[in-house]
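Engineer: Model the structure of this input:
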Amino acid sequence: MTNAELNAKLTAPLPADQAAMKAHVLFLASDAMRGREAGSGEYDIAAQYVASQFYAAGLKPMGDDGGYLQKVPLVSYKAADKGNFVWTARGGQPQPLVFGTDFVPAANAAKIETAVTAPVVFVGWGIDAPQYKQDDYKGVDVRGKIVAYFGGAPARFGGEERAFFGSGGTKARTAAAKGAVGVIAIESPRTATARPFARMAQFYDAPRITWARPDGTGKVDAPTAPSLGTISVAGMEKLFAGARTSWASVARASMNENAVYKAVQLPGTLAVATKTELKPAMSSNVVGMIPGSDPVIGSEVVVLSAHLDHIGVGRPVKGDAINNGALDNAIGIASLIEEAKRFKTGGAAPKRSVLFLAVTAEEKGLIGSDYFSNNPTVPLKDIVADVNLDMPILTYAFQDMVVFGAERSSLGPIVREAVAAIGVGLSPDPMPEQGIFVRSDHFRFVQKGIPSVFLWPGQKGDGKAAVELFMSTHYHQPSDDLKQPILWDQGVRFVDANYRIARGIADAAQRPVWNKGDYFGTLYNGPMAK
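Structural biologist: Numbering: from 1, shown residues only. Here you go, the predicted model:
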């Protein structure tokens with residue numbers, strides 16, 4: 001496509017509502033924004049743009065010091081050296097493990113230096129999930145010990161629960177709750193051939209980001225049971241030597257995606273010493289609100305969220321290194337802005353307050369939403385729901401919608417009514433194995449007990465092929481730009497559906513509740529249907 005052809009495509013006339021949405025994406029996904037990476041100057045410019053749009057839409061500023069921006073202190077952290085892992089078998093001499101062959105260290109954002117010496121207990125998947133009759137800690141006491149586990153979760157778990165229980169954060173929190181002093185991931189024998197351990201070692205010091213505490217250290221999932229690193233198949237053979245369960249039998253069992261393991265304390269002590277390099281950075285969330293009109297429920301808040309950041313500049317692909325992030329997630333932000341306008345022009349003010357939240361560092365691990373949920377600019381007890389807008393794929397005329405989490409709470413009927421009003425129905429999650437419900441910003445609100453949903457256009461008709469094409473070819477690639485065949489009329493439909501959902505929640509007689517016995521509602525002590 002020549003520059004003239006591209007400009008003709010970008011500047012082609014559209015109806016006003018479509019042009020308004022496209023204009024936001026033209027700016028946010030331009031090369032000048034260089035992929036809007038959290039902590040970059042270009043991200044800051046994008047945040048100022050969103051703040052200006054919130055102002056134009058008449059939103060009340062709800063950031064810091066009477067403005068729209070909520071400062072989010074970040075800290076970049078990485079392994080400062082290769083660390084030391086020393087295994088001392090019972091009755092034996094200390095045996096240093098070999099970096100890159102036996103182990104790879106993990107950085108600890110909460111400490112510059114981490115030192116742990118303790119016995120090691122193998123706990124299979126490292127999961128305690130009574131509803132699945134899964135207790136990998138059965139028969140062992142891990143207080144004061146290091147636990148070692150395989151990543152992931154059994155295939156028999158439901159998709160969303162499988163993603164939740166399979167995450168390293170969940171496993172670390174479980175271990176900490178049981179008194180462990182550190183956690184270690186184990187290389188999977190199932191994937192060891194396809195993904196050589198030495199390749200992991202090449203990236204041992206790749207930086208990661210979290211939000212910073214007042215002392216400059218980073219927020220981590222389980223500070224009392226930090227992640228110490230990963231031990232390879234070869235390393236585990238050394239740790240299992242002399243154990244009552246052989247490593248060979250564990251490795252054989254691991255070939256089964258529903259493997260059942262018996263916890264076992266390994267015969268020796270592991271001494272781990274790592275160092276972490278911390279580097280401060282700063283970013284911001286953008287926060288604006290339409291105050292509720294009802295004298296009783298007006299103080300309650302419905303949050304509409306979308307992430308503003310993308311992944312910045314990476315390795316060139318066909319000469320292009322800028323990851324523009326048009327669908328991921330400039331269109332989500334454009335939807336957020338246009339919904340704010342819709343609320344201001346759509347008749348009576350909502351009964352509940354509606355808060356519009358553009359968050360930073362989603363691509364780094366839901367960091368901006370995590371910061372907001374822990375440092376909200378409205379009382380957390382007043383937030384009744386979150387509706388999240390992340391990466392709607394709008395390259396086809398959607399015939400249905402998928403709403404992750406709708407079946408978990410009283411938001412479900414509101415969602416069904418709203419999407420029916422635009423002439424489509426709800427479809428079940430087409431990719432349950434992906435566990436998408438736990439992978440976007442709304443989940444940070446779920447973790448505070450708040451009923452939440454996340455919407456995508458569905459996959460009926462041309463949808464399945466369009467989604468597969470985007471995920472396989474454009475997701476997190478420089479080609480996620482405005483050369484894609486984006487259908488702006490579908491963007492307007494997407495905004496309409498989301499507006500109706502948010503309006504329905506804001507004007508409902510009762511605040512949302514989790515369906516009776518829902519796992520996440522129960523786990524996070526949210527309001528529950530009786």
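
Engineer: Please identify the residue most distant from the middle of the chain.
Structural biologist: Largest separation from the mean C-alpha position in the chain: residue 91, at 44.8 Å (C-alpha atoms, centre = their mean).

Engineer: Please, which helix or strand holds that residue?
Structural biologist: Following DSSP states H and E, one finds residue 91 outside all helices and strands.

Engineer: Now it, what are its backbone angles?
Structural biologist: phi 80, psi 0 (degrees, to the nearest 10).

Engineer: ok, which stretches of the stretch 151-300 of the chain are helices?
Structural biologist: With DSSP state H, counting those that start in this stretch as the criterion, the stretch 151-300 of the chain has helices at 159-166, 168-177, 197-202, 233-240, 247-253.

Engineer: now those helices in CSV, with distance to residue 384, mean neighbour count and mean pLDDT?
Structural biologist: Just so you know, the C-beta spots here come from the backbone N, C-alpha and C atoms, and that holds for glycine as well. What follows is the helices of the stretch 151-300 of the chain, written out as CSV (distance: least, C-beta to C-beta, whole Å; neighbours: other C-beta atoms under 10 Å; pLDDT from 0 to 100):
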stretch, distance to residue 384, mean neighbour count, mean pLDDT
helix 159-166, 22, 21, 88
helix 168-177, 25, 21, 96
helix 197-202, 43, 14, 90
helix 233-240, 47, 20, 97
helix 247-253, 45, 16, 96
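
Engineer: Residue 512: which of those helices is closest?
Structural biologist: Among those, helix 159-166 comes nearest to residue 512, with 18.1 Å by C-beta to C-beta.

Engineer: What are the contacting residues of that closest one?
Structural biologist: The contact list for helix 159-166 (C-beta atoms under 8 Å, 6 or more residues apart in numbering) reads 125, 127, 129, 132, 134, 151-155, 157, 170-171, 404, 429, 431-439, 519-520.

Engineer: Give me the longest strand you can find in the chain.
Structural biologist: strand 264-290 (DSSP state E).

Engineer: next structured bit after whichever strand or helix holds residue 76?
Structural biologist: Using DSSP H and E, the element containing residue 76 is strand 69-79. Later in the chain than strand 69-79, the nearest helix or strand by DSSP H and E is strand 84-89.

Engineer: List of residues touching whichever helix or strand comes after that next one?
Structural biologist: Per DSSP H and E, the first helix or strand lying C-terminal to strand 84-89 is strand 94-96. Residues outside strand 94-96 that contact it (C-beta under 8 Å, 6+ apart) are 84-89, 238, 271.

Engineer: Could you do stretch 242-249 as well?
Structural biologist: Residues from elsewhere that reach stretch 242-249, judged by C-beta under 8 Å, 6+ apart: 89-90, 122, 236-237, 239-241, 262, 264, 266-267.

Engineer: Just give me how far that stretch sits from the chain centre.
Structural biologist: Centroid separation for stretch 242-249 versus its chain: 36 Å, with C-alpha atoms, centre = their mean, to the nearest Å.

Engineer: same deal with stretch 40-55?
Structural biologist: Chain-centre distance of stretch 40-55: 22 Å, with C-alpha atoms, centre = their mean.
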